[in-house]
Structures are given as structure tokens and as C-alpha cells.
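Colleague: Provide a 3D model corresponding to the input given below.
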Amino acid sequence: MEGVGFALRPVALLCAWLLFGATWGLGLPSAVYVLDDAAGLGREFDGIGAISGGGATSRLLVNYQEPYRSQILDYLFKPNFGASLHILKVEIGGDGQSTDGTEPSHMHYENDENYFRGYEWWLMKEAKKRNPQIKLIGLPWTFPSWIGKGENWPYDYPHVTVYYIISWILGAKQYHDLDIDYIGIWNERAFNSKYIKVLRQSLDKLGLSNVGIIAADGDWNVSNEMVVDPYLNDAVQVVGAHYPGTKTVPNALRTQKKLWASEDYSTFNDEVGAGCWARILNQNYVNGNMTSTIAWNLVASYYEELPFGRCGLMTAQEPWSGHYKVEAPIWITAHTTQFTQPGWSYLQVDGHLEGGGSFVALTDGLGNLTIIIETMTHDHSKCIRPPLPHFRVSPQRATFHLRGSFYPLRTLQVWHSKLGFESANTSLFEQLDPVKVWRGSFSLDLDVDEVYTLTTLKTGRKCSCPEPPPPQPFPSNYKDDFNIRNPPFSEAPNFADQTGVFEYFVNGSDPGDHVFTLRQVVIQRPITWVSDADQTISIIGNFKWVNLTVTCDIYIEKPRDGGVFIAGRVDNGGIYVRRTKGVFFWVYADGTYRVTSDLAGEEVLMKGLSGVRHNAWHTLTLNIQGTSASGLLNGYPLWENVTVSKPSNGWAAIGTRSFEFAQFDNFHVEAR
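Modeller: Numbering: from 1, shown residues only. The predicted structure is shown next:
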């Protein structure tokens, strides 16, 4: 078996080797590690997970046709198949921009409740369908405006915010039969001790004492308050930190709570990303006593040119073609998830390899043992954050002595990954011959950038679906009339909201041509997570588009200062949405129009009178060819020969002048 040394040597030789401790076999540096449960076990393992949301990271997944959509979900959630995730964490949509888009709230307004908006409900049900034991977590990034009563802050009225969050938990159960296991506070923003305690009290009063609170999904600072406030400490079940660099702090340990890397990874999913993931999955526990690591994000299912493109465990960003890619982090995840379960326990062992790298060992307490070893080198395992201090990893021999209840073991199953980098000779999650254990000992020759799993379990599988279709660009001729009576999701396919929320709408008062439309529904600026634009915008298409014609029927609902736009060559979104450039064709309820080169509407290229009014349908057409743009209103030229230079390419888009109601219909884009 390549790379695996067998400890079938006489006792005398073994003792001599231990005595002199130099090198063995191929001259590799050697070290001995003892795995023993006789003196008790370490912390309880809580599982490996990933995040859908923060923001709109699964947006394109729902538009995949079968069988490809189910294949992607199987790779993520199906036990003993692919990533086999133990935890799914989702955004509680709050109508605001939360990294790569907005996710709709279940309560846009105080008297409004709808538990079928967005796709996170669907995703949680699909995860549960594949793994009924998967743990579910909800966390808000943004909140609807009404919660702050005019302030960009969710804590002034803690009972209002608690009502909103608990409504989401109860709605998950009532409408989708989903039991939420944990709830968070406010992603990577300030926490409020009073709010956390009110949330805990309210959960308990409503019979939701089984719902744990994770605090505070930022740094470790919440632990400073927990150690001096016993009521706060009692309210929190998990201290969760983001991107901890595998390190914890003394006060977090003093809380005696579960410690999690409740968001981590966030790294491009190539082989360096796989190395980052392999390293932190082990070292978050070895260095920081963290018993769960949760990746942002679950699946890169958003337009790649948005911020943090392809920072998912796998890639599925082409629903129009059906193409997806099972990236290396999926199989790195499997090294842990397929051979452990929440409720197992870590063994009490240091976990650092003398030649660099790390190992963890876990048991179910029933005789099963799983050991995961990683030897990721510095330059091949950098995560996007925090900066990685220098360290060295070299080839080495590791000998493991099994003691306590593990001493009788005779064989261990072996799964192996090697990230090739310079050699391009990568192998992922391959099953090797079992390793023989002789008198409680075995040895492995470890190279750099490898992952090994050694386990008593025989249930591991590297399953594969048929090859997905080849990649294809977004269709160059795309139409949507939004005429769906009972849409499966509240959003129209492939539109990616960046500020505001665009939903299917039934316009009951229309005589017939525009009964089914797409409507922008957020009319108050939400409690933001980043600096949302002052205008709402939803993008669609191919970022590489240069020459295109966009046509859309529009309906301004807001009198006097209402307005809408269609756009092309849109160059930005996500957390950078305020700086978005492109070619924007605006019409306003006061009968004027503008052509601007920015979403903010400040760089005016042309303006004039249009005759457009609110509460009437009009058709806008924007044509961009080379360095020239022109616009039509209701099929007739309104402006032409406007010179455009930058940006040179980008998406198509629709949107509104402010947070206001407006409708869109018969969208058509043709690119050449």
C-alpha cells in the first residue's frame, strides 16, 4: 500500500527504535503518538457544517432542473456519499444586502407574515430529507426596517426583535415541519446582552428550551461578558467565533460552553482552498478546542463575478446548462464527516505532529475509532482570513500506539487524499488497503499536503453521479414573462437581487396583459449589514456581455418622485453595490428620464422629458453597441447616440429609484 508503513516488526526492534528515537525505514523523522481512552475523553464533537446565505449564496441552485439539482444536494447532504454534512446553517432573510445579494424576510412589515419566501425553507427540507439527523441553525444578517422603528439598530426594542426571530422558528415548524436546533444573534455585528437574555427567556416560555443560542458570531468578546454575568452565561449554549485562525481565548474556555468556529473557510474552492479546509477542520480543535467548524459557504451558486466568487464547498452556478463541479473541499469534508457523528468525543491528545501538521482522534464510546491526519503546508493551505503565521511541514513517519479500549483493534480502514499542486497529481478521497495493527501499534509514512482517515467504520463511500452537462454561458437571448400561477419560489429564475427584494406578484386589478408580474416590495431601508444602495437593483445574465438590448415593461407605483430603470453592462453587486457602474435608463413619475453611468444616478449622460406617469404600463428598451447607447419608450426612440466608455461589459439589470413599489413584466435581453 503506497505511503503506508506496516508495524509488523519484532518487539525487540520496536523497543530499540523507541529507545534511540532516531529515524526508521526511509530515514524519515519519526515520532510516537498514544491514543488512550482509559483516563476519560475530551470534548464532545458537534459536527461539520456549511452556511447557505450571508447572502444569497444558494440563489442559482433552486433553478437547476432535475436530475442535476438532486445530484448537487446529494453531494452536500446525503450520508456516506459526498460531504455528508452534519450541520446546515441558513440566513434568516432580512431584505438587506448580506454579501452577494439580499434574501427576503418572512416579515417585510409588522403585519405581514409569509413563510414561503426565498429558498432556505426548501433547502432545509431537502437536507433533512437526505439526513434526518442534520442540525439546523438560523442567523440574521439584516432585519426589516420596522424592527428598528426608524433606527438602523435591532436592539432598542428587544422584545420586538425576539418576536420576529421566534416567529421564524415557529414558522419553520408550523409550515415546514422543521425543528431549528440553534439560533444566532446578529452576524458579525454588535451583540446585546439584554437581547440575548430576553431571547432565552422567551424561547423557554414558548416551550422552545431545546433551541440553543449561539453567541455572538463575530469574535470571542461575548465571552468577556459571559464570565462576569452568570445569567448571560446560562442563556448561551455555544460561543461561536468567525475566522478564529484556529485559536481561542482564555475567557471563552472559562465559560465552559461549547466553542465553535461558527463561520470559517470563505476561500476560493481550488486546491489551496481544499488545503485551508483540511487544516482548519483539524486545527480548530487541536489549537482552539472548537468542536464544530462551519464553512461559508455551502455551494457557490451565485454569479461568480460577485464578491467572493466560488467560495463554496462546490460550484453550481449554471442552472441554464445544468453544469456543476464537485470541488476538492467536498472530499476533504468527507474525511471527517463520513467517519464521525455529532455526539462522538475527541480523545485527550495533543494532536500536533512533530514534523508539522495535525491529527485528531474521535470515538463513539462503543468501540469505534476514527483518526484524521493532515499535513498541509503553509503556502498550500492559506485561508482568506486571518493571515497565516509561517510554519513548516516535512515528510515524516508517525507511529500510533492504541491503548485502553482500542488496544484489541487489529485493522483500520484507510482513506487518503493527496493535493498535487506542482505535480498536478491530485487524488481525492481514495480508499486504500486496510492498515494492520500489531499489538496496538501501526505506522504511517506521511508526505506533505496529505489527508488520511483511519477508522474502524466500513461505511465510507466515494459516490458519484453521472457527469453533468458541459458548461455553457448564460443564454444570449433570454425572456421571462413571469406568467406562473403558483411559482415554486418567490423569486424569478436567475434574477439576483442586490438591494431590495423582487417577488412574483399577482396584479388582480389588471385587465389581463399584466396579471402576473415581478414586483419590488421593500419600501423602507432595512437594518443593514453593509451599505446597501439607496436604489434597489436585481442583476441577471452574463458578466461578459458587451453589446446587448434590454427590453422590459415597467409600472411605477409611487407618485411624484417614483422611478424605475433598466440597465446593461452592470459591473458590480454584493457588498460593493453602492459603487455599481453601467448604463442605466431611468424614467420617473414626474415625466422625465435620465441616462446615467452609475446606479447612484449622479453621472448623467442624457436627460429630458418622457411623458411617463405612475400607475401606467410603459415599455423601455435600452440598446448598447460598442461605445454608443440609445433608448426607446413604447417602441419609439426617446434618446440616441449617447457615448458610453466604461464599463466595457457587465450584467443586465432592473430596479427602482428608491425603496418603493414598482412592477416589471415581459423582460427580454438579447446579447450579440
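
Colleague: look up how far residue 70 lies from residue 338.
Modeller: As judged by C-beta to C-beta, to the nearest Å, residue 338 and residue 70 stand 20 Å apart. The C-beta positions use only the backbone N, C-alpha and C, and glycine is treated the same way.

Colleague: among those two, which residue is more densely surrounded?
Modeller: residue 338 (25 against 15; other C-beta atoms under 10 Å).

Colleague: dump the residue contacts of that one.
Modeller: 79-80, 84, 453, 457, 459-461 (C-beta atoms under 8 Å, 6 or more residues apart in numbering).

Colleague: show me the beta-bridge partners of residue 637.
Modeller: residue 632 (DSSP bridges).

Colleague: tell me where the protein has helices.
Modeller: 11-20, 68-77, 120-130, 145-148, 158-176, 193-205, 222-226, 230-235, 250-254, 271-286, 328-337 (DSSP state H).

Colleague: any idea how far the nearest residue in space to residue 34 that is not next to it in sequence is from residue 89?
Modeller: Sequence neighbours aside, residue 401 is the residue nearest to residue 34 in space, at 4.7 Å (criterion: C-beta to C-beta, 6 or more residues apart in numbering). Noted for residue 401: a distance of 38 Å to residue 89, by C-beta to C-beta.

Colleague: what of residue 63?
Modeller: For residue 63 relative to residue 89 (C-beta to C-beta), the value is 22 Å.

Colleague: can you check residue 390 too?
Modeller: Applying C-beta to C-beta to residue 390 and residue 89 gives a distance of 32 Å.

Colleague: more crowded one of the two?
Modeller: For the pair residue 390 and residue 89, the greater number of neighbours falls to residue 89 (29 against 6), based on other C-beta under 10 Å.

Colleague: show me what that one is bridged to.
Modeller: Under the criterion used here (DSSP bridges), residue 89 is bridged to residue 51, residue 137.

Colleague: got a list of what it touches?
Modeller: Contacts of residue 89 (C-beta under 8 Å, 6+ apart): 49-53, 136-139, 262, 294.

Colleague: contacting residues around the residue nearest to residue 34?
Modeller: Listed by C-beta under 8 Å, 6+ apart, the contact partners of residue 401 are 32-35, 440-441.

Colleague: residue 237: which of these is nearest?
Modeller: residue 35 (29.2 Å; C-beta to C-beta).

Colleague: dump the residue contacts of the closest one.
Modeller: Residues in contact with residue 35 (C-beta under 8 Å, 6+ apart) are 347, 349, 361, 369, 371, 400-403, 406.

Colleague: please determine how far it is located from residue 362.
Modeller: 10 Å.

Colleague: name the residues contacting each of the two.
Modeller: What both residue 35 and residue 362 touch, as defined by C-beta under 8 Å, 6+ apart, is the set 347, 369.

Colleague: coming back round to it: mean pLDDT lowest for which of the helices of the chain?
Modeller: Note on those: helix 11-20 shows the lowest mean pLDDT, a mean of 35.

Colleague: tally of neighbours for the closest residue in space to residue 649 that isn't next to it in sequence?
Modeller: In this structure, residue 649 finds its nearest non-sequential neighbour in residue 546, 4.9 Å apart by C-beta to C-beta, 6+ apart. Number of residues near residue 546 (other C-beta under 10 Å) recorded here: 16.

Colleague: now residue 546: phi and psi?
Modeller: phi -120, psi -60 (degrees, to the nearest 10).

Colleague: wait, it sits on residue 647?
Modeller: No - contact criterion C-beta atoms under 8 Å: residue 546 and residue 647 do not qualify, at 9.7 Å.

Colleague: now do the shared contacts for these two.
Modeller: Joint contacts of residue 546 and residue 647 (C-beta under 8 Å, 6+ apart) are residue 569.

Colleague: contacting residues for residue 646?
Modeller: Residue 646 touches 581, 597, counting by C-beta under 8 Å, 6+ apart.

Colleague: look up phi and psi at it.
Modeller: phi -130, psi 150.

Colleague: against residue 569, how distant is it?
Modeller: 9 Å.

Colleague: mutual contacts of these two, please.
Modeller: Common neighbours of residue 646 and residue 569, counting by C-beta under 8 Å, 6+ apart, are residue 581.

Colleague: excluding its backbone neighbours, what's nearest the residue nearest to the spatial centre of the chain?
Modeller: The residue lying closest to the centre of the chain (C-alpha atoms, centre = their mean) is residue 297, at 2.2 Å. Spatial nearest neighbour of residue 297, excluding adjacent residues (C-beta to C-beta, 6+ apart): residue 57 at 4.2 Å.

Colleague: can I assume that neighbour is in contact with residue 303?
Modeller: No - contact criterion C-beta under 8 Å: residue 57 and residue 303 do not qualify, at 10.9 Å.

Colleague: those two: who's more crowded?
Modeller: Higher neighbour count among residue 57 and residue 303: residue 57, with 28 against 24, using other C-beta under 10 Å.
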